[in-house]
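Visitor: one predicted model, sequence on top.
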Amino acid sequence: MFSKKTAEQIQLETRPSGNGATAFYNNPKYRGWIYQSILFVFIIGFFYSIISNTLDNMSAQGIKSGFSFLKTSAGFDVLMSLIPFETTDSYLRIFMIGILNTILVSIIGIIFSTILGFIFGIAYFSRNWLIKQIAIVYVEIFRNIPVILQVIFWYTVFNALPIARESLNLGDAIFLNVTGLYFPLLVGESGSGVVYGAIIAAIIAVFIVKRWAKKRQELTGEQFPVLWSSLGILVGLPLLALLVTGIPFHFDYPALRGFNFQGGVSVIPEFLSLAIALSVYTGAFIAEAVRAGIQSVPKGQTEAARSIGLKESKIMSLIIVPQSMRVITPMLNSEYQSLVKNTTIATAIGYPELFTIFAGSALNQVGQAIEIMFMTLAIYFAINMVISLVMNHFNKRTELSTR
Amino acid sequence: MKIKNVVMTLAAAGLVFSAQTSIAGTTLDAVKKKGVLSCGVSTGLAGFSQKDEKGQWSGLDVDVCRGVAAAVLGDASKVQYKPLTAKERFTALQSGEIDILSRNTTWTHTRDTSLGLNFAGVIYYDGAGFMVSKKLGVKSATELNGANACIQAGTSTELAISDYFRENNMKYKAITFDTSDQTRAGFESGRCDFLVSDQSQLYALRIGLKDPDGAIVLPEVISKEPLGPVVRQNDDEWFNVVKWVVNASIEGEYQGVTSSNAEEMKTKGNPGQKRLLGTEGDLGEKLGLPADWAFQVIKQVGNYAESFERNVGQGSPLKIARGLNAQWNKGGILYSPAMR
């Protein structure tokens, strides 16, 4: 089979035949197509077989299938919902609530894990021995403990808080007890629109100042104190609006009424536990990614920056971190996707995200396992595809531009 | 070599196509062949199914497993227990992972008609109720407006409480947990103001509290929760076996046959007792079981009264009164179809 061939023979075999046309099945291009279409047909056939087999087995066992259950009334309560919900609402609404709760905890987790990750990732390079050790200890502890244990740990911590009547109390405004964290809600009265307008105007003004300052620096080389002036605008403009309109706001304070606190804003311990655990856990991985990114930037860059007299803080933010982003970004993408998938751990503590209330409670009440699992999988897939798209776009922008 | 790979792929795909298997089949034959009964029970609920320090399972639900094993395999100990959460239970049965689900499961219309399952009888007539901390000073469920509820996810109680609060124009917040231990921990920590579950479970959970006397069960019973073993649909042979093992235990009490006198009754009993114990008639044969199937159930596990008293009644820490679960001629609704 593997007889030695002379170079001439090989050349003969691989050379196109005299008239320049090979048989179509020997043409690598067509051959690739043929094999791939055969494979495609079999993959389709394979899934068709699995699905029809499942459906056959289900009907043989008398299990009902279909999506009609989505319209029926769920009949159970959901702990936390971003949209109005009654127990008589449909399973479709349960599905929506699950998606929204998953997205909420994911976004909060992504924001805080990124902040933690960058703080500790950069802290690793601190010249201060203590700060560096804190960064190392943080990463080593939280990266090496399974995230489910961390979720349960935080939930246990919240469960150890006093009951509602004996709440921890901060100035009769902020309350913390076993049922959650309560704080006052700022309620706008008539005239508050002016203040909101002022906030928006301030944000726009900051962007304008930033662009103007950059342009000026490019033209004249003079630096403008962007940070301080921005802060001034952000605080000053709304403050002015507040004084002009006569502070059209009041606080809605939470108060103990009946069994529990009413009014204000409340955050349930299930949400806090999950958000803290995911942020801290994923933050440790992001810190490592940031460390790797910073280390990937050649030392010469720091030295060059120093040689032109840049301050240490500026070297990090203007030279090192921007260059390290092309290493960090792909890793961030994976970490964000892991975080979204890890939200399913909520089922251990009962935070009502998609997996807990839809693939858990709803599945159990209607028993349509195939349909519900399919819908659940599709949503996690979709969320992660969106993250991937956004991060890939960001990646394109941070890539080294080569000419 | 590439061609060879393709051929192998085709062969493998062909195998996948031809291997269309179906779970439907006779569970009875499978159990006899395995020599052991696979029984789905709860993850731990006093009186119904719980594991002691030596790893021995006991309880009312466990006795159904043991009874079926005694009838089919002649040995009540030949049971493999699979602890399941409320959320896992039906999938485990549907997929064939277990032969019987005997896990304080409420017989509901939806479960019976849409899950491909059959309920093989009722071993405990229950109803959902409330447990509150004494400190709260609540005397009736109607005072629970605005309170937090600890509930086990995926149970019929989750639906019953919503109906009850809607009916009475009250609001509640549901904090749902996976296992009954977690539910109890939630109640104990004060995460919720009351715990809602089947009455029997309330008593069982209460004795597991650090301070059982600090909690009271409210008088309201808000739903019907008939609990019983479940089997897969379309396997009538197995359905009959489980159904009649449950009935044999109930009939045993009605006929006055106990684990201690069963041996004697085999020969000295009246015709009804003899028929039950297999010395007359062919009840066992019709089920595809040995003639002494019911004798083995009663001899090894005991009749319904013995099982009840030992697990949840006066002989247990729960001390639940027979109530609805007494025989039909003694003020309850327990009734076995005729054994003939």
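Guide: Cool, got the structure.
Visitor: nearest spatial neighbour of the closest residue to chain A within the stretch 151-300 of chain B, chain-adjacent residues omitted?
Guide: Distance from chain A to each residue of the stretch 151-300 of chain B (C-beta to the nearest C-beta) is smallest for B:Gly154, at 3.1 Å. Quick note: C-beta positions are derived from backbone N, CA and C, even for glycine. Distance criterion C-beta to C-beta, 6 or more residues apart in numbering or on different chains; nearest residue to B:Gly154, sequence neighbours excluded, is A:Asn364 at 3.1 Å.
Visitor: let's verify the spatially closest residue to A:Leu242 that is not a sequence neighbour: helix, strand, or coil?
Guide: In space, and not counting its chain neighbours, A:Leu242 is closest to A:Val195: 5.8 Å by C-beta to C-beta, 6+ apart. Using DSSP: H, G, I helix; E, B strand; the rest coil, the structure places A:Val195 in helix.
Visitor: so who does A:Val195 touch?
Guide: Counting by C-beta atoms under 8 Å, 6 or more residues apart in numbering or on different chains, A:Val195 touches A:188, A:238, A:241-242, A:245, A:248-249.
Visitor: which intervals of chain A have sub-threshold pLDDT?
Guide: A:1-22, A:400-403 (pLDDT under 70).
Visitor: one more: the stretch 151-300 of chain B?
Guide: Those would be none, if you go by pLDDT under 70 across the stretch 151-300 of chain B.
Visitor: quick check: residues of it near chain A?
Guide: Applying the criterion C-beta under 8 Å from any C-beta of the partner chain, the portion of the stretch 151-300 of chain B that neighbours chain A consists of B:153-155, B:158-159, B:161-163, B:165-166, B:172-178, B:182, B:185-186, B:189-191, B:193, B:232-234.
Visitor: OK, contacts around the residue in the stretch 1-150 of chain B positioned nearest to chain A?
Guide: With C-beta to the nearest C-beta as the measure, B:Gly116 is the residue of the stretch 1-150 of chain B nearest to chain A, at 3.7 Å. If a contact means C-beta under 8 Å, 6+ apart, then B:Gly116 has A:58, A:61-63, B:94, B:232-234 as its contacts.
Visitor: who wins on neighbours among these?
Guide: B:Arg232 (26 neighbours; other C-beta atoms under 10 Å in any protein chain shown).
Visitor: thought that residue was touching B:Asn118?
Guide: Yes. The pair formed by B:Arg232 and B:Asn118 meets the contact definition of C-beta atoms under 8 Å, at 7.3 Å.
Visitor: about what we covered before: and the contacts of B:Gly116, which of them are in helices?
Guide: Within the contacts of B:Gly116, membership in helices is found for A:58, B:94, as judged by DSSP state H.
Visitor: reformat the contacts of B:Gly116 into a markdown table and put distance to B:Ile298 next to each item.
Guide: Written out in a markdown table, the entries for the contacts of B:Gly116 read as follows (distance: C-beta to C-beta, whole Å):
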| residue | distance to B:Ile298 |
| --- | --- |
| A:Met58 | 38 |
| A:Gln61 | 33 |
| A:Gly62 | 33 |
| A:Ile63 | 35 |
| B:Gln94 | 31 |
| B:Arg232 | 26 |
| B:Gln233 | 28 |
| B:Asn234 | 30 |
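Visitor: okay, helices next: where are they in chain A?
Guide: Secondary structure of chain A by DSSP H: the helices cover A:7-14, A:28-60, A:91-123, A:129-143, A:147-159, A:192-220, A:226-245, A:269-296, A:299-307, A:312-314, A:321-342, A:354-356, A:363-366, A:369-398.
Visitor: please enumerate the helices of the stretch 151-300 of chain B.
Guide: Assigned by DSSP state H, counting those that start in this stretch, the helices in the stretch 151-300 of chain B fall at B:157-167, B:180-189, B:199-207, B:236-255, B:262-268, B:271-277, B:283-287, B:293-300.
Visitor: between these, which gets nearest to B:Val79?
Guide: B:Val79 lies closest to helix B:293-300 among these, at 11.3 Å (C-beta to C-beta).
Visitor: the residue of the stretch 151-300 of chain B closest to chain A: neighbour count?
Guide: One way to gauge burial is a neighbour count; for B:Gly154, by other C-beta under 10 Å, it gives 22.
Visitor: and the closest residue to A:Val366 other than its chain neighbours, how far from B:Gln314?
Guide: In space, not counting the residues next to it along the chain, A:Val366 is nearest to A:Phe69; the distance is 4.6 Å by C-beta to C-beta, 6+ apart. As defined by C-beta to C-beta, to the nearest Å, A:Phe69 lies at a distance of 44 Å from B:Gln314.
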